[in-house]
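J.: starting from these lines, generate the structure:
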Amino acid sequence: TTALFNVEKQALTFNLFAGIIRIVFFLLYIWGISFMKDVRRLFEYHGAEHKTVFGFEDRVVLSPENLKPYTTFHPRCGTSFLAIVMVISLLFFAIVDTIIIWTTGHISLTIRLAVHLPLIPVVGGISYEALKASAKNLDNPLVRLGIAPGLWLQHITTKEPDAQQLEVAIVALKSALGEEYASELADDPIIRSEVVPVTA
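T.: A predicted model of the protein is given here:
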C-alpha cells in the first residue's frame, strides 16, 4: 500500500525504486526464457526479421547471402521500444505522483490507479515518438547513448538466424508489402558491396 511504502512523503523515491524493480524483474524474465529451446528459436526469427528490414532499407536484393552480413540489432525494434517505455514511465509517473502530492497534500493507491491508467497511452505515445526521433538522428552521440540500453537488450531478444529463417523473413516482408511493390523493388535494386549496420 501507499502507507506501507511512505509514498506520500517520498513519491519520487518510491516510483524510482519501484520502476527499477520492474525493470530488473523484466530483464530476469527475458534472460530466463531465452534459455528455452522454443524461445531461442523465436529470437532467431526475430534476428532474421531485423536483418531483412536492414536489407530492405538499404535496397539490396533480398536473399540470405546478402542479408547475412547485417547485424541483428535494429534501433527501431519493439524491444528498444519496451526499454524506452520502462524508463519514461519510471520518470513520468514519479513526476506525476509528486505533482499530485504537492497540489492535494496526499495520495492513495486508488488515486494512483485512477491517474496512472489513463496516462499509459500518453507514456506509450511519448516513447514511440522518442523511438522515431532517435532513429533519425543515429549520428548524434547523445542519441546513440540513449538507444544503447535497447540495443543491449537485443543481445537477449535476438539471435543469429540460419538461411532458412532468413528466407522465411524475406517471404514475410514481401507478403506484408504486397507482391507488386516487392516486384518493383526487385526490378530496381541498389546493390551495395559494403554494409555498415548499427551495432550495440
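J.: tell me which element the residue nearest the centre of the chain falls in.
T.: For the chain, the residue nearest the mean C-alpha position is Ser80 (2.0 Å; Cα atoms, centre = their mean). Using DSSP states H and E, Ser80 falls within helix 78-104.
J.: which one is Val87 nearest to, not counting chain neighbours?
T.: Pro149 (7.5 Å; Cβ to Cβ, 6 or more residues apart in numbering). To be clear about C-beta, it is placed using only N, CA and C from the backbone, and glycine gets the same treatment.
J.: please identify the helix or strand for that neighbour.
T.: Going by DSSP H and E, Pro149 is in helix 141-157.
J.: which stretches of this structure form helices?
T.: Listed in chain order, the helices of the chain (DSSP state H) span residues 11-33, 37-57, 64-67, 78-104, 109-135, 141-157, 163-177, 179-187.
J.: which strands or helices does the third one pack on?
T.: Counting by 3 or more Cβ pairs under 8 Å, 6 or more residues apart in numbering; DSSP states H and E, the packing neighbours recorded for helix 64-67 are helix 37-57, helix 163-177.
J.: give me the contacts around stretch 65-82.
T.: Contact with stretch 65-82 is made by 26, 46-48, 50-55, 60, 127-128, 131-132, 134-135, 138, 147, 150-151, 153-155, 157-161, 163, 166, 169-170, 195, 197-200, as judged by Cβ atoms under 8 Å, 6 or more residues apart in numbering.
J.: just to revisit the earlier point, export the helices of the chain to TSV and append columns for mean pLDDT.
T.: TSV is the format used below for the helices of the chain (pLDDT from 0 to 100):
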stretch	mean pLDDT
helix 11-33	87
helix 37-57	94
helix 64-67	94
helix 78-104	88
helix 109-135	90
helix 141-157	88
helix 163-177	92
helix 179-187	60
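J.: returning to what we had before: list the buried residues in the helix holding Pro149.
T.: Val143, Arg144, Gly146, Ile147, Pro149, Gly150, Leu151, Leu153, Gln154, Thr157 (16 or more other Cβ atoms under 10 Å).
J.: give me the phi and psi for Met36.
T.: phi -80, psi 140 (degrees, to the nearest 10).
J.: distance of it from Pro141?
T.: 37 Å (Cβ to Cβ, to the nearest Å).
J.: try Ile170
T.: Here Ile170 is placed at a distance of 34 Å from Pro141 (Cβ to Cβ).
J.: again with His50
T.: 23 Å.
J.: and stretch 156-168, how far from the chain's centre?
T.: Its chain's C-alpha centre and that of stretch 156-168 lie 18 Å apart, by Cα atoms, centre = their mean, to the nearest Å.
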